[in-house]
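**Q** coords please:
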Amino acid sequence: MAVLIYIEYVADGGRETVLTELILYTGIVVGTVLLSYFALGVLAYIAYTPHQADSKAEDVTFVVPTIGAAAVRDSLFECLAHHTEKFADYDIYVVTDEGADLEAELRAYDGVETMVVPDEYDPTAVAKGRAIQYFIQQVVADNPDGWYSFIDDDNLVRGEEFLYEIPYYDARGYGAMNSVLTPRQGNSALTYVMDHIRLLDDLTVFRAFTGLFKRPYIGFHGELLTARGDVLRDVGFDRESIVEDYAFAAELIKAGVPTWQSATRVSILSPHSVTDLLKQRSRWYIGTWNLLWQTSPVTKLLTGTRLLSWTAAIVAGPIAFVAGQIGGDLGLPWLFQVAPFLAGVVYGGTYAYGAVGLGGWTRLRMVVSIPLCVICESIAPIYAVTVADRDFTVINKTDVDDGDNANTIPNESPAD
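**A** Residues are numbered from 1 along each chain as shown. Model (predicted):
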């Protein structure tokens, strides 16, 4: 752990104490990187709008891969009820492991076809990737011209814009698509507020790479991950990774498959506790680092820069509001002086946007807790390295009140 060394110098006739230049420069670089990605994303937000055909795609199959454990029961059956009603004209599969807690209930569920992955199935892929690869081999191989949308077991797809987009982009050779995520409150108001960073990223940096540049250099979400059958067959999910969606995106880039970002919003259930959020973020962090070395050079650069910035964010946060003054004393260009402050305003403002959507005393409590959101997000890499499990982690999605939610009615960010 870095030791903060204080130095003294004489300025304006007085003695002042400042952080070492190393820590200062680290914070300024992190702030500059975050602000640069945000600025690029703002340009994409303005310049990019997905196109639609006049009619909906018909050959689309929905797939819900799930571990089928008791811990995901509530969210899974809410997910199935929502999508069997919304997409009643389409085939819907649910894919789970043999011997799963909910296997019998899923087999009996009306409106979906349950596919059970046998114990003896032993590909390279693990967990969710294993289930998807089994589905590809059993179903997709027979219809490679169709489109397949994979939905996580806590997702609620709010729109159907993607069904109109598929014919347009399919005719132009695109092979895969991702959506925009909007958080839905679970038992924790704090994690709901924190998950608004995912919405910000989707509307900015993910829109830039997945949509504007047609290359998912910083990854895909598993939520409504949609691809044409021949792309799934040729690229597949059969690789050892705990971030199978990022791994798939990295292979799309290698294969030269163009992508688009849909206008469709997908509601995601925020973790029920801060501990679950840290477990989730840790899986992303560890899994992406482990896979980074197998990706394309541009992917290494862009994803690696984001990961390094996330790692050093614990340093950048505390100096965000003093970097300008100190940077001026060191003769740094003005842009680098203000970058940490502006980045802090962007991310702090995102948390505030999530907090003001809450009701009653919870709103005030979460506004006051914005610095805690910054701290929790910043320590995720430390948690990942020192505490977190290195294997695929399934967080609790069963609705058990932990006392962090003052509202009886769940909150959700607007879907449009």
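
**Q** for the record, mean pLDDT for stretch 201-208?
**A** Mean pLDDT, computed over stretch 201-208, is 97.

**Q** and the closest residue in space to G357 that isn't next to it in sequence, how many neighbours?
**A** Excluding its sequence neighbours, the residue lying closest to G357 (CB to CB, 6 or more residues apart in numbering) is N411, at 5.9 Å. Backbone N, C-alpha and C define where each C-beta goes, glycine included. Per other CB atoms under 10 Å, the neighbour tally for N411 reads 20.

**Q** N411 touches G360, doesn't it?
**A** No: assessed by CB atoms under 8 Å, N411 is found out of contact with G360, at 11.0 Å.

**Q** hmm, back to that, do you know the pLDDT at the residue nearest to G357?
**A** 78.

**Q** Next: W293.
**A** On pLDDT, W293 comes in at 91.

**Q** Where does the nearest residue to it once chain neighbours are set aside sit: helix, strand or coil?
**A** Leaving out its chain neighbours, the residue that sits closest to W293 by CB to CB, 6+ apart is K300, at 7.5 Å. Using DSSP: H, G, I helix; E, B strand; the rest coil, the three-state assignment for K300 comes out as helix.

**Q** element containing F62?
**A** For F62, the host element (DSSP states H and E) is strand 60-65.

**Q** what helices or strands is that strand leaning on?
**A** Judged by 3 or more CB pairs under 8 Å, 6 or more residues apart in numbering; DSSP states H and E, strand 60-65 is in contact with helix 73-86, strand 91-97, helix 127-138, strand 147-150.

**Q** Give me the contact list for the third one.
**A** For helix 127-138, contacts defined as CB atoms under 8 Å, 6 or more residues apart in numbering pick out 63, 65-67, 93, 95-97, 115, 117, 121, 123, 125, 150, 222, 232-233, 236-239, 241-242, 244, 247, 392.

**Q** What's the ChimeraX line that selects buried ones from those?
**A** This is how ChimeraX selects the buried members of those, with burial counted by 16 or more other CB atoms under 10 Å:
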select :63,65,66,67,93,95,96,97,115,117,121,123,125,150,222,232,236,237,238,239,241,242,244,247,392
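
**Q** For L76, give its distance to N143.
**A** 26 Å (CB to CB, to the nearest Å).

**Q** can you check Q52 too?
**A** 23 Å.

**Q** Can you point out the buried residues in stretch 255-272?
**A** So, applying 16+ other CB under 10 Å, buried residues of stretch 255-272: 257, 259-272.

**Q** Return the member of the residues you listed nearest to Y217.
**A** Of all the buried residues of stretch 255-272, T259 has the smallest distance to Y217: 10.3 Å, by CB to CB.

**Q** In contact with the closest one, which residues?
**A** Residues in contact with T259 (CB under 8 Å, 6+ apart) are 174-178, 210-211, 214-216, 220, 249, 252.

**Q** go again using 7 Å as the cut-off
**A** Y174, A176, M177, N178, T210, K214, R215, P216, L252 (CB atoms under 7 Å, 6 or more residues apart in numbering).

**Q** Which helix or which strand is home to the last one?
**A** Right, the one you point to is L252. With DSSP H and E as the test, L252 turns up in helix 244-255.

**Q** roughly how far out does that helix sit from the chain middle?
**A** Offset of helix 244-255 from its chain centre (CA atoms, centre = their mean, to the nearest Å): 15 Å.

**Q** Could you check the angle that helix makes with strand 60-65?
**A** 130 degrees (axes from the mean of the first three to the mean of the last three CA atoms, to 10 degrees).

**Q** buried ones in helix 244-255?
**A** In helix 244-255, counting by 16+ other CB under 10 Å, buried: E244, D245, Y246, A247, F248, A249, A250, E251, L252, I253.

**Q** Which one of those is nearest to R306?
**A** Relative to R306, the closest of these is Y246; by CB to CB it sits at 11.6 Å.

**Q** picking that back up, neighbour count winner among L76 and N143?
**A** A count of neighbours by other CB under 10 Å puts L76 above the other of L76 and N143, at 26 against 14.

**Q** Name the helix or strand for E58, please.
**A** Going by DSSP H and E, E58 is not in any helix or strand.

**Q** Next, it: phi, psi?
**A** Backbone geometry at E58, expressed as degrees, to the nearest 10, gives phi -100, psi -40.

**Q** How much space separates the residue nearest to A47 when sequence neighbours are not counted from I46?
**A** Excluding its sequence neighbours, the residue lying closest to A47 (CB to CB, 6+ apart) is L212, at 6.2 Å. In this view, L212 and I46 are 10 Å apart by CB to CB.

**Q** Partner strands of the strand holding F62, with direction?
**A** Paired neighbours of strand 60-65 in the sheet (DSSP bridges): strand 91-97 (parallel), strand 147-150 (parallel).

**Q** How far does whatever helix or strand comes next after the last one sit from its chain's centre?
**A** Yep, that's strand 147-150 we're talking about. Moving toward the C-terminus from strand 147-150, the next helix or strand (DSSP H and E) is strand 156-157. Averaging C-alpha positions (CA atoms, centre = their mean) puts strand 156-157 15 Å from its chain's average.

**Q** gap between the two ends of stretch 85-102?
**A** Stretch 85-102 stretches 21 Å from its first residue to its last (CA to CA, to the nearest Å).

**Q** chain center to that stretch, what's the gap?
**A** For stretch 85-102, the distance to the chain centre is 23 Å (CA atoms, centre = their mean).

**Q** which parts of that stretch are buried?
**A** Those would be K86, F87, Y90, I92, Y93, V94, V95, T96, D97, A100, D101, L102, for stretch 85-102 by 16+ other CB under 10 Å.

**Q** quick one: contacts for the residue nearest to G357?
**A** Q185, Y192, G357, L358.

**Q** So which residues of the chain form strands?
**A** 6-11, 14-19, 60-65, 91-97, 113-117, 147-150, 156-157, 176-184, 225-228, 259-269 (DSSP state E).
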